[in-house]
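In: What follows is a predicted structure for the sequence shown.
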Amino acid sequence: MNHAGQTDSQQWVCRICGYIYDPRLHEGVAFEDLPANWRCPGCGFGKSVFVRRHQAAADQ
Ligand SMILES: [Zn+2]
């Protein structure tokens, strides 16, 4: 496997409620691999409201 370019932080954030999806908290399942009918546990909206969270900002 080629691990180049991979990071251990593949977080996505919900634009509606601010919920952060962290694969490490979901048995390593990447956000992209979630089923299409997956919904945000915070607000119930679908995957389309999530945006990739960049690592630049501090984790707070
Ligand atoms: Zn949400």
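Out: That came through, no problem.
In: and the protein, which residues reach the ion?
Out: Applying CB under 5 Å from the ion, one finds that the chain approaches the ion through 14, 16-17, 19, 40, 42-43. Just so you know, the C-beta spots here come from the backbone N, C-alpha and C atoms, and that holds for glycine as well.
In: Now, those residues that are in strands?
Out: Among the residues of the chain next to the ion, the ones falling in strands (DSSP state E) are residue 14.
In: As CSV, the residues of the chain next to the ion with neighbour count would be great.
Out: Output for the residues of the chain next to the ion, formatted as CSV (neighbours: other CB atoms under 10 Å):
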residue, neighbour count
14, 19
16, 13
17, 13
19, 16
40, 19
42, 13
43, 13
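In: Out of the residues of the chain next to the ion, which is nearest to residue 51?
Out: residue 14 (8.4 Å; CB to CB).
In: got the contact list for that closest one?
Out: 20-21, 40, 42-43, 45, 49-50 (CB atoms under 8 Å, 6 or more residues apart in numbering).
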